[in-house]
Each structure stands twice: as C-alpha cells, then as structure tokens.
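[1] let me see the structure of the following:
(one chain, ligands or ions: 2)
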Amino acid sequence: MNVPMRNRNQFLRLSALVIAVPAMLYTLPSTAAPEKARSGKVVVETVCVGCHETGKDGAPRIGDQAEWSKRASVGLGVITRNAITGVRKMPAHGGNAALSDLEVSRAVAYMVSGGKAVDPDKPYSSPSQIAGGNLVKARCSECHTTGKDGAPRIGHMEDWSPRLKNGVDGLVSSAISGHNAMPARAGMANLSDADLRAAVIFMAVQSKPLGK
Ligand code: HEC
Ligand code: HEC
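    Ligands and ions are numbered 1, 2, ... in the order given. Predicted coordinates:
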C-alpha cells in the first residue's frame, strides 16, 4: 500500500483513537452505580447548618457539646430516628428528602461528636413505619397504577424487568434520591429507606395487580 505521508499520519492518529476510546470507556465509572453516600461533614455543612448553626427554633447548636451529649444520652438510634422521621420543628431528613438514612446518620454522628466521629457505614436507624403494600396503596399507586409520566406500572413485570438489571438496590436508590419525574421519597420526606425498600420490592419484585 502506497500511502502518502500526510494520510499516513492521519491513519496512525486514527488507529491510536480506536485503541484509546474503548480503554477510556472501560475505566469510566458506571452511571448505574448507586451514588456514593456523602460524608457527615458535607451533609452538615450543606443542609443541617441551615438551622443548627444559629439554633433556629431551638435546634441544638453545632459545637454545643453539652447540649448534644444530653440529647444523645437516649441513644444515637433514637435521635437519628427522630431526624429521619421528623420531630417537632425538626423536619424529616433535615427537609432534604434526597438524603439517605445513612447520610442523616453520618450527619448526626458528626454533630454529636463535634466533628470527631468516623462516618458510620450503616445507618443508626431506618425505621419501618408502614408495610410495603400499604405504602404502595397509599402513595405509589397514584402514579404507578396508570403509568403516569412513564412510571413503571404495578402488575406489569415487563415495565420492571429492564429496570431490575442493576438489582433492587439501584431501584431503592432511585426512589430515595428521585428519578426524572419520580420525586425523591415519592415526595414524603418522613419515609425511611426501609419503607421505600419494602414498597419497591412490593411493586418490582412481587409485581401483582393491587388487591390480588
Ligand atoms: C429547618 C430547620 C432544621 C434543619 C434544616 C435541620 N434541623 Fe435538626 N433540629 C431542628 C430543630 C428545631 C430541632 C429541635 C427539635 C426539638 O427537640 O424540639 C432539631 C433537632 C435535631 C436532632 C435532635 C433530635 C432529638 O430527638 O433530640 C437531631 C439529631 C437533628 N436535629 C439532626 C439534624 C440533621 C442531621 C440535619 C441535617 C441533615 C438537621 N437536623 C437539619 C431543626 C432543623
Ligand atoms: C408523582 C408520581 C409518582 C409517585 C407518587 C411515585 N412515583 Fe415512582 N416513578 C414515577 C415516574 C414518573 C417514574 C419513571 C421515572 C423515569 O424513569 O423516567 C417512576 C419510577 C420509579 C422507580 C424506578 C426507578 C428506576 O431507577 O428505574 C421506582 C423504584 C419507583 N418509581 C418507586 C416508587 C415508590 C416506592 C413510590 C411510593 C413510595 C413511588 N415510586 C411513587 C412517578 C411516581
């Protein structure tokens, strides 16, 4: 093959690309992987500071170790549960439904310890407050019965199968943080991760029409 000099250089550059692109794709992180949990520090500094810095409405102040120790004396599980479901003027999930129960637990550990605790890798609490089927009837069915805005339909396994490719955990993460027209925690910030998991299993794994 008699390739003129200029074309040959182009050819060499092209071959380099053909080799480099698949290698790049291979090392790119998969977008399907569940989002990495934020650290306690990040959650406190972006969400909880809103009230806990100044002590708004009687919120225990960041840095007031005496007040935090008093609160934590009932157990980290108890005060974390309150932070997840909401208590008096403390809004559920700090008012940010897209935070996971693990992220709330990390933020509690951070404030209670004055920034000294290592981030826990499991939530201190994730209360199951309502059975999966009941939650689906009370809330999820509103969109998931008819398939409003493209919601996968209850009782239609063909809607769920392609979404189940990344497992139930991926679907639970989407239900927590929201997914296109699907609002975070279905718009109910007081639902725990455990509640959402039970509802997702009811819809996506059992997937029977309601009432059967
Ligand atoms: C809109 C204001 C507001 C935001 C934002 C907020 N809190 Fe609170 N928080 C409060 C108030 C007010 C209280 C005191 C409630 C009471 O005991 O009456 C409180 C209390 C708490 C308690 C103690 C609960 C108990 O049982 O004693 C924890 C734990 C807590 N918040 C965690 C958090 C975390 C974690 C975040 C961030 C993810 C956060 N809060 C964001 C207002 C807020
Ligand atoms: C306001 C309407 C609405 C409500 C209420 C609602 N969903 Fe959805 N949901 C949607 C829509 C729309 C989609 C499709 C989003 C997309 O993939 O584009 C969806 C998708 C999903 C998915 C698939 C996400 C994925 O990664 O493919 C899950 C899981 C889910 N919803 C769980 C729930 C649960 C659990 C409830 C009740 C606690 C609920 N939804 C309530 C509208 C809703």
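
[2] stretch 39-49: which residues count as buried?
    Buried residues in stretch 39-49, counted by 16 or more other C-beta atoms under 10 Å: 40, 43, 44, 47, 48. Just so you know, the C-beta spots here come from the backbone N, C-alpha and C atoms, and that holds for glycine as well.

[3] got a list of what the last one touches?
    The one in question is residue 48. Contact partners of residue 48, counting by C-beta atoms under 8 Å, 6 or more residues apart in numbering, are 62, 94, 107, 111.

[4] closest to ligand 2 out of the residues you listed?
    Ligand 2 has its nearest neighbour among the contacts of residue 48 in residue 94, at 19.3 Å by C-beta to the nearest ligand atom.

[5] now the closest one. Nearest residue, chain neighbours left out?
    residue 47 (4.7 Å; C-beta to C-beta, 6 or more residues apart in numbering).

[6] helix, strand or coil for that neighbour?
    Here residue 47 is helix, with the state taken from DSSP: H, G, I helix; E, B strand; the rest coil.

[7] contact partners for it?
    Residue 47 neighbours (C-beta under 8 Å, 6+ apart): 94, 95, 96, 99, 107.

[8] let's see which of the residues you listed end up in helices.
    Among the contacts of residue 47, the residues falling in helices (DSSP state H) are residue 107.

[9] buried ones among the contacts of residue 47?
    94, 96, 99, 107.

[10] so the last one makes contact with residue 37?
    Which is residue 107. No. Using C-beta atoms under 8 Å, residue 107 makes no contact with residue 37, being 10.8 Å away.

[11] ligand 1 contacts on the chain?
    43, 47-48, 50-52, 56-60, 71, 79, 82-83, 87-91, 94-95, 99, 104, 107-108 (C-beta under 6 Å from any ligand atom).
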